[in-house]
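**Q** can't give you the sequence, but here's the structure:
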Ligand SMILES: Cc1cc2nc3c(=O)[nH]c(=O)nc-3n(C[C@H](O)[C@H](O)[C@H](O)COP(=O)(O)O)c2cc1C
């Protein structure tokens, strides 16, 4: 039996370590106060750097922040912006038609950011009931070079997920923090402070730290229909 055949045989009954990390990863929202050693964060950045990218363009910029004052400052900016959103577009308890129309217009202008699902989190952040970075000691901010080939944000997403998988393989916890976006898009304070300028644009951020407890583990996930074409037939698998 060749090595390849042997490996294929083993795969019939066992998952690889990489698959295990991918399938068991969960977003971590409670972190230990302990900082992550710098060398581990550098290894995580390296995993990001090794991600594929269109034309090998690597259209990303990573900024590591381990200063609580900066993370707190970004959180405060986001809280203020979420308060603004909440007062403008949360018409749930108000029958005022003009307000409702204005809210609909604002929501239509930002259909992804003001989607109903994140809207409840926007309300929680505005009310100070949800910590933006979940008190994680390290946050990596990811910016795309908007001049990149194809879809630079996709390349950044792949770099981000490489970093997430690397971090979990080291026993760390991570959580994507898309909600830091308004601090970089609705305000100039933090782009200036962190030296972000054209051609860089915020994509997402990653909270990283030692988890409290063992949050990683498999959970049920919804299945999506996949069309499979083979031997002249189309099959739909789940
Ligand atoms: C691009 C992106 C942005 C996200 N932003 C946030 C965020 O701002 N805050 C948060 O707590 N979770 C955030 N999440 C985590 C998702 O809520 C989480 O991945 C999803 O609920 C599935 O749970 P799981 O990661 O444990 O599998 C984000 C995830 C992604 C992929």
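**A** That came through fine. This is a predicted model, so every value here is computed, not measured.

**Q** check whether the biggest strand by length in the chain contacts the ligand.
**A** In the chain, taking DSSP state E as the definition, the longest strand is strand 200-209. Yes - using CB under 6 Å from any ligand atom, strand 200-209 comes into contact with the ligand via residue 204. All C-beta atoms are positioned from the backbone trio N, CA, C, and that covers glycine.

**Q** same deal with stretch 172-188?
**A** Yes - on the criterion CB under 6 Å from any ligand atom, stretch 172-188 is in touch with the ligand at 175-179.

**Q** narrow these to those that are buried.
**A** Buried by 16 or more other CB atoms under 10 Å: 175-177, 179, out of the residues of stretch 172-188 next to the ligand.

**Q** and those as CSV, adding pLDDT?
**A** Below are these laid out as CSV (pLDDT from 0 to 100):
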residue, pLDDT
175, 98
176, 98
177, 98
179, 95
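
**Q** reformat these as TSV; add secondary structure.
**A** As requested, those are exported to TSV (DSSP: H, G, I helix; E, B strand; the rest coil):
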residue	secondary structure
175	strand
176	strand
177	coil
179	helix
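
**Q** of those residues, closest to residue 127?
**A** Ranked by distance to residue 127 (CB to CB), those are led by residue 179 at 13.8 Å.

**Q** the closest one and residue 77 touch, don't they?
**A** No - Residue 179 lies out of contact with residue 77 (CB atoms under 8 Å); the separation is 11.3 Å.

**Q** report all helices and strands that the helix or strand of the chain at the bottom of the mean pLDDT ranking contacts.
**A** Taking mean pLDDT, DSSP states H and E as the measure, helix 97-109 is the helix or strand of the chain with the lowest mean score, a mean of 81. Under the contact criterion of 3 or more CB pairs under 8 Å, 6 or more residues apart in numbering; DSSP states H and E, helix 97-109 touches helix 68-89.

**Q** would you mark the buried spots in the helix it packs on?
**A** For helix 68-89, by 16+ other CB under 10 Å, it's 71, 73-75, 77-79, 81-83, 85-86, 89.

**Q** what does stretch 40-59 give?
**A** 40-41, 44-45, 47-48, 51, 53, 58-59.

**Q** now the end-to-end length of it.
**A** 23 Å (CA to CA, to the nearest Å).

**Q** from the chain's centroid, how far away is it?
**A** 16 Å (CA atoms, centre = their mean, to the nearest Å).

**Q** which outside residues touch that stretch?
**A** 60, 62, 64, 66, 138, 140, 144-145, 147-152, 154-156, 158-163, 165-167, 170, 172, 208 (CB atoms under 8 Å, 6 or more residues apart in numbering).

**Q** what pLDDT, on average, does it get?
**A** For stretch 40-59, mean pLDDT rounds to 98.

**Q** the buried residues of stretch 40-59 into a markdown table, with extra columns for secondary structure and distance to the ligand?
**A** Formatted as a markdown table, those follow (DSSP: H, G, I helix; E, B strand; the rest coil; distance: CB to the nearest ligand atom, whole Å):
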| residue | secondary structure | distance to the ligand |
| --- | --- | --- |
| 40 | helix | 20 |
| 41 | helix | 20 |
| 44 | helix | 17 |
| 45 | helix | 18 |
| 47 | helix | 17 |
| 48 | helix | 15 |
| 51 | coil | 15 |
| 53 | coil | 18 |
| 58 | coil | 20 |
| 59 | coil | 17 |
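
**Q** ok, residue 156 touching residue 201?
**A** No - contact criterion CB under 8 Å: residue 156 and residue 201 do not qualify, at 9.6 Å.

**Q** and residue 116, how far from residue 122?
**A** Look at residue 116 and residue 122: by CB to CB, to the nearest Å, they are 10 Å apart.
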